[in-house]
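Trainee: quick one: sequence and predicted model below, then my questions.
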Number of protein chains: 2
Amino acid sequence: MHDDTATDAQTAQEPTETDRPDEFTVTPYDVEGTVDYDRLLEQFGADRLTDEQIRRFPDHPMLRRRVFYAGRDVDGYLDAAQAGETHSIVTGIGPSGPMHLGHVLVFYLAKRLQEATGAYVYVPLSDDEKFYAKDLSFAEIEAATRSNLRDLLAVGFDPERTRIVVDRLDADVLYPQAARVAAGITQSTVDATYGDPDNVGLSFYPAMQATHLLLPQLVHGRHPTLVPIAVDQDPHVRVCRDVAAKERFDVDKPGALLGKFLPALDGPGKMSSSSDAPAIELTDDRETVREKIMQYAHSGGRVDVDEHREHGGDPSVDVAYQYLHTFFEPDDERVEELAARYRSGELLTGELKEIAAERIGDFLAEHRERRDALGDLEEELEPYRLTGDERARLRPSVFE
Amino acid sequence: MHDDTATDAQTAQEPTETDRPDEFTVTPYDVEGTVDYDRLLEQFGADRLTDEQIRRFPDHPMLRRRVFYAGRDVDGYLDAAQAGETHSIVTGIGPSGPMHLGHVLVFYLAKRLQEATGAYVYVPLSDDEKFYAKDLSFAEIEAATRSNLRDLLAVGFDPERTRIVVDRLDADVLYPQAARVAAGITQSTVDATYGDPDNVGLSFYPAMQATHLLLPQLVHGRHPTLVPIAVDQDPHVRVCRDVAAKERFDVDKPGALLGKFLPALDGPGKMSSSSDAPAIELTDDRETVREKIMQYAHSGGRVDVDEHREHGGDPSVDVAYQYLHTFFEPDDERVEELAARYRSGELLTGELKEIAAERIGDFLAEHRERRDALGDLEEELEPYRLTGDERARLRPSVFE
């Protein structure tokens, strides 16, 4: 929790690859990798998505390719979505710097789900947690918040069905609800889940985060909620589910949609600002994206062209391929064809990188165009903020 | 902290009496008692008020009689008060039930200081902490909040110089500031100061409480603040002073004015709703007050009238006398005369109780008259709430 948000975007190594991020390049054995992800699920008590569940979701590469590969209480969400009943997604971000490619994909997934079945999308920004967890000033966090908000607005959610909250900006309604939640979370739960916190802000933050996950239900009444989240962040959801189960909340336990990481350019693991290689930022132009991929993207190719032609490359550890597979090449046949040609040695690392750079460049150009078209931030955000009526449902009733 | 508010009103045993509340009736030896209070100060690093400091305060029985007997950084407050510079008092309450006599005295002291030197008075109501600490619903806490607010309004503070905040009601400005504070309070500080907290709300609450104590300075700029508080609550002030000393806050460390407890009717210790004897509530009429005092007030008299006439009573353990001495008999000569007549056996316990009941009845009749004259609570509170300008100074500047 303290190094990354609970809602960093996630994507995939191929599902057949080794999936323990820290061992991805070390022991790239399909079976071991698969077993590791299964073990995680067993340990967490979550379930692999079934083919049936994947079919019931609106079609999306990250679901089809099982970048999101597991979940909790997914059926309840799918039932409501298919029946046209209230259902919602919660996915947020911790504003500690510019948003990068690894952050934004989950928001585009949420947008897709919203467009397909009318899901509410709630996006919390945890500016408080970044202050608790990082050596950042509020001025720095506020600059990151403004930047992140512009990227969120650029995604193009439906303002009627989307609510963006910022913990300190919306504290009038979030803190009173978090207070309710906090009384139901023991310090020992926090210690056991996150390790001993450095300060009392970090002790409290799980209550704020659980409030985020309950917020759609606190506003719109009890209904199924789904939280798309990197699998290692599942403990956050479990803390919230435990609290939700306590009788004082008339809510469903939030469901989880558990995903894998978008690898950093220099190899497996989460794409993160703390990686040695630079992250691809949403403001990077085509040339910058291309340079970063060419220079840093970990290759699954051979040491030289002759050997590559003879033995072929390994797409499962090739970051350029991973990016295409995760999201940026939407055509399944084309992805399989790229993998086959790479394995056969026909396709070279440099060529694969060019393809990835172009696809990502296209995606970012469109995102950036919408971002640049935004006007005054406060005015642009207004349609996405909780309304007066919604706030009234969340505020304490001191004067009643 | 968890059993009582940080700002329960305090009053005195006579300064020459045993002062360890739990030993008051057990070992009522003057010298030992005095030593105990001194030890507390030594342990806390606070100082007894000097005669000079008492003289510099506006005249008030609780200061003159050293019910408030010690402090920290009192001179800075007195300097500002005498120079006509900004100075403020913070004294609050945890709304867990109706306010009783033991709660309200400190507010009348604050009013006196405000009238005499124009002190700002900030009154925080910790409805969040009561939820964290007690098995109360928010409906119960909100009822207590409304009742406590009426009593606070009945005190008659100057609305221009008084701000009443309720943690959840004013979370828009309190939580963002508490977030700043929270990053500077370690969990181990909280554990060491208050014991291991039951839930993460209690872990966080010291940050909210420190925010209360810093609030006048966060609104009006750096200036001396004084926190009248029961001596056992001094650790709260120390936590806040430690945070204030950290460089990110441009504030003076809040000063403390440390006091003794108003004894419960059935004997020494704090007057509290958890005592076996009933507390005198602010809504009690004359007859109820009289009955409670007659039935429950611990007597310093002898077993029968003859022995009392012969050996005299002990005012230092007589609760009726303590009440008169603390506040309700403002005339020093009269108080001394009552003590002398009680000691001599001339004045009987019943007679002393009648005098105390009448004085307290007078006080409560006036308080209740002002309380009953109040109209709609929300409207009455409005002039005491933080203004738009003041809130703007406390809110996060996300859109700047």
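Mentor: Noted; the coordinates are in hand.

Trainee: dump stretch A:369-382 to PDB, restricted to CA.
Mentor: The C-alpha coordinates for stretch A:369-382 follow below in PDB (Å, rounded to 0.1, in the frame of the first residue of the first chain):
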ATOM      1  CA  GLU A 369      -5.600  15.300 -27.600                       C
ATOM      2  CA  ARG A 370      -8.500  14.900 -25.100                       C
ATOM      3  CA  ARG A 371      -6.400  16.100 -22.300                       C
ATOM      4  CA  ASP A 372      -5.200  19.200 -24.200                       C
ATOM      5  CA  ALA A 373      -8.800  20.100 -25.000                       C
ATOM      6  CA  LEU A 374      -9.700  20.400 -21.400                       C
ATOM      7  CA  GLY A 375     -10.300  23.900 -20.000                       C
ATOM      8  CA  ASP A 376     -10.200  25.200 -16.400                       C
ATOM      9  CA  LEU A 377      -9.700  22.100 -14.200                       C
ATOM     10  CA  GLU A 378     -12.100  23.100 -11.500                       C
ATOM     11  CA  GLU A 379     -14.900  23.700 -14.000                       C
ATOM     12  CA  GLU A 380     -14.100  20.600 -15.900                       C
ATOM     13  CA  LEU A 381     -14.200  18.500 -12.800                       C
ATOM     14  CA  GLU A 382     -17.500  19.900 -11.500                       C
END
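
Trainee: what about it, near chain B?
Mentor: Yes: using Cβ under 8 Å from any Cβ of the partner chain, stretch A:369-382 reaches chain B at A:377-378. C-beta here means a position set from N, CA and C on the backbone, and glycine is covered the same way.

Trainee: what is the mean pLDDT for stretch A:68-79?
Mentor: Averaged across stretch A:68-79, pLDDT comes to 96.

Trainee: can you map out the strands along the stretch 251-400 of chain A?
Mentor: Using DSSP state E, counting those that start in this stretch, the strands found in the stretch 251-400 of chain A span residues A:255-259, A:263-264, A:267-270.

Trainee: out of those strands, which gets nearest to chain B?
Mentor: Shortest distance between chain B and the strands of the stretch 251-400 of chain A, using Cβ to the nearest Cβ, is found for strand A:255-259: 21.3 Å.

Trainee: save the strands of the stretch 251-400 of chain A as a markdown table, and put in mean neighbour count, distance to B:Leu282 and mean pLDDT too.
Mentor: Converted to a markdown table, the strands of the stretch 251-400 of chain A look like this (neighbours: other Cβ atoms under 10 Å in any protein chain shown; distance: least, Cβ to Cβ, whole Å; pLDDT from 0 to 100):
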| stretch | mean neighbour count | distance to B:Leu282 | mean pLDDT |
| --- | --- | --- | --- |
| strand A:255-259 | 28 | 50 | 95 |
| strand A:263-264 | 26 | 64 | 83 |
| strand A:267-270 | 20 | 58 | 59 |
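
Trainee: redo the ones you listed as a markdown table? Include distance to A:Gln114.
Mentor: Below are those laid out as a markdown table (distance: least, Cβ to Cβ, whole Å):
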| stretch | distance to A:Gln114 |
| --- | --- |
| strand A:255-259 | 14 |
| strand A:263-264 | 27 |
| strand A:267-270 | 25 |
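
Trainee: closest one to A:Ala339 among those strands?
Mentor: Nearest of the strands of the stretch 251-400 of chain A to A:Ala339, taken as Cβ to Cβ: strand A:263-264 at 15.8 Å.

Trainee: quick one: the closest one to chain centroid distance?
Mentor: Distance of strand A:263-264 from the chain centroid (Cα atoms, centre = their mean, to the nearest Å) equals 14 Å.

Trainee: for A:Val239, what are its contacts?
Mentor: The contact partners of A:Val239, taken as Cβ atoms under 8 Å, 6 or more residues apart in numbering or on different chains, are A:185, A:189-190, A:193, A:206, A:209-210.

Trainee: show the buried residues in those residues.
Mentor: Neighbour-count burial (16 or more other Cβ atoms under 10 Å in any protein chain shown) applied to these gives A:185, A:189-190, A:206, A:209-210.

Trainee: now render these as TSV, adding distance to A:Glu369 and secondary structure.
Mentor: What follows is the buried ones among the contacts of A:Val239, written out as TSV (distance: Cβ to Cβ, whole Å; DSSP: H, G, I helix; E, B strand; the rest coil):
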residue	distance to A:Glu369	secondary structure
A:Ile185	43	coil
A:Thr189	45	helix
A:Val190	43	helix
A:Pro206	38	helix
A:Gln209	33	helix
A:Ala210	37	helix
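
Trainee: give me the subset of those residues touching chain B.
Mentor: Among these, the residues that sit close to chain B (Cβ under 8 Å from any Cβ) are A:185, A:190, A:206.

Trainee: A:Pro95 is in contact with A:Thr145, correct?
Mentor: Yes: using Cβ atoms under 8 Å, A:Thr145 is in contact with A:Pro95, at 4.2 Å.

Trainee: what is in contact with those two at once?
Mentor: Common contact partners of A:Thr145 and A:Pro95 (Cβ under 8 Å, 6+ apart): A:125, A:127.

Trainee: how much space is there between the closest residue to A:Leu40 other than its chain neighbours and A:Leu109?
Mentor: Of all residues not flanking A:Leu40 in the chain, A:Val231 sits nearest, at 5.8 Å (Cβ to Cβ, 6 or more residues apart in numbering or on different chains). As judged by Cβ to Cβ, to the nearest Å, A:Val231 and A:Leu109 stand 15 Å apart.

Trainee: more crowded one of the two?
Mentor: Under the criterion of other Cβ atoms under 10 Å in any protein chain shown, the comparison of A:Val231 against A:Leu109 puts A:Leu109 first, with 27 against 21.

Trainee: can you pull the contacts of the more buried one?
Mentor: A:60, A:62-63, A:68, A:228.

Trainee: got those residues as a markdown table, with secondary structure columns?
Mentor: Formatted as a markdown table, the contacts of A:Leu109 follow (DSSP: H, G, I helix; E, B strand; the rest coil):
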| residue | secondary structure |
| --- | --- |
| A:His60 | coil |
| A:Met62 | helix |
| A:Leu63 | helix |
| A:Phe68 | strand |
| A:Pro228 | strand |
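
Trainee: can you tell me which of those is closest to chain B?
Mentor: For the contacts of A:Leu109, the nearest to chain B is A:Pro228 (25.1 Å; Cβ to the nearest Cβ).

Trainee: doesn't A:Gly92 make contact with the closest one?
Mentor: No: using Cβ under 8 Å, A:Pro228 is not in contact with A:Gly92; the gap is 10.6 Å.

Trainee: higher neighbour count, those two?
Mentor: Set A:Pro228 next to A:Gly92 and count neighbours by other Cβ under 10 Å: A:Gly92 wins out with 28 against 25.

Trainee: secondary structure class for the residue lying closest to the more buried one once chain neighbours are set aside?
Mentor: In this structure, A:Gly92 finds its nearest non-sequential neighbour in A:Pro124, 3.8 Å apart by Cβ to Cβ, 6+ apart. Assigned with three-state DSSP, A:Pro124 falls in the strand class.

Trainee: name the element A:Ile229 belongs to?
Mentor: If you go by DSSP states H and E, A:Ile229 is part of strand A:225-230.

Trainee: show me which residues of the helix or strand following that strand are buried.
Mentor: Counting by DSSP H and E, the next helix or strand C-terminal to strand A:225-230 is helix A:234-245. For helix A:234-245, the neighbour count (16+ other Cβ under 10 Å) marks A:234-244 as buried.

Trainee: and for stretch A:246-256?
Mentor: Along stretch A:246-256, these residues count as buried under the neighbour rule (16+ other Cβ under 10 Å): A:249, A:251-256.

Trainee: check stretch A:359-368 too.
Mentor: Those would be A:359-361, A:363-364, A:367-368, for stretch A:359-368 by 16+ other Cβ under 10 Å.

Trainee: which one of those is nearest to A:Asp151?
Mentor: Nearest to A:Asp151 among the buried residues of stretch A:359-368, with distances taken as Cβ to Cβ, is A:His367, at 7.5 Å.

Trainee: near chain B, which residues of the stretch 301-400 of chain A are found?
Mentor: Contacts of the stretch 301-400 of chain A with chain B, taken as Cβ under 8 Å from any Cβ, map to A:377-378, A:395-400.
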